[in-house]
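>>> Fold the following.
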Amino acid sequence: MKLNELRDNPGATKRKKRVGRGPGSGTGKMGGRGIKGQKSRSGVALNGYEGGQMPLYMRLPKRGFNSRNKKKFAVINLGLIQKFIDAKTLDAKKEITEDVLVETGVVRRKLDGVRVLAKGEITAKVKLNVTGASKSAIEAVEKAGGSLTVAAAAE
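Reported below is the predicted structural model:
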C-alpha cells in the first residue's frame, strides 16, 4: 500500500449539492426552491411562524415567575460536614465559617452564601457560622452540643 493508493470507504464522503448551476445539475434555474413565494426569496426565517394561525408558543398558557435578584446558596448537609470532620479535613474544635468550608474543599464556592441542611447525622460538637440553615439543622447541631449561627447575608 502506498500513500497515493489511500482512499476513504465507499459512501463515507458525499459531494456538496451545488444549487443553481444549470439544468444538467438537477438543481438549476430555481435551485430546488419552487416558484415564487416567501420561501423562494433570500433572508427568510420562519421559525415559529404558522401561516397566520396563532403560533403554539402564544396559545400555551403562561405560568410561573423567575425573580431577577434571587439568592443562590451553596448547599451542604450535616452528614457531609461530619464526614469531613471524621476525615480530619475540618477541625471541630475551631469555628467553621464559610471561608473555612471553601478552603478545605467541602464547598466549591460560596455563591450568595452557604446554607446548611439537616440530611445526615452530626455527632461532633461544632461551632458553625453560615448564611443560612434549616430549622431541623439548627436543632440537630444544638442536640449534638454545638452551635449554629446564621449570619445576615452580605448585600
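>>> mind listing what residue 27 touches?
Shown in contact with residue 27 (CB atoms under 8 Å, 6 or more residues apart in numbering): 17-21. Where you see a C-beta, it was placed from the backbone N, CA and C, and this is true even at glycine.
>>> For it, give its distance to residue 37.
Separation of residue 27 from residue 37 (CB to CB, to the nearest Å) stands at 17 Å.
>>> Can you measure across stretch 1-15, start residue to end residue?
Distance across stretch 1-15, first residue to last, is 26 Å (CA to CA, to the nearest Å).
>>> Apart from its chain neighbours, what residue comes closest to the most centrally placed residue in the chain?
The C-alpha lying nearest the average C-alpha coordinate of the chain belongs to residue 72 (CA atoms, centre = their mean; 12.7 Å). The shortest distance from residue 72 to any non-neighbouring residue, by CB to CB, 6 or more residues apart in numbering, is to residue 111 (4.9 Å).
>>> what about the one you found, how many neighbours?
When counting by other CB atoms under 10 Å, one arrives at 14 neighbours for residue 111.
>>> My read is that it contacts residue 73, right?
Yes - between residue 111 and residue 73 there is a contact at 6.0 Å, judged by CB atoms under 8 Å.
>>> For the residue nearest to residue 72, which residues are in contact?
By CB under 8 Å, 6+ apart, the residues touching residue 111 are 72-74.
>>> out of the residues you listed, which one sits closest to residue 62?
The nearest member of the contacts of residue 111 to residue 62, counting by CB to CB, is residue 72 at 24.0 Å.
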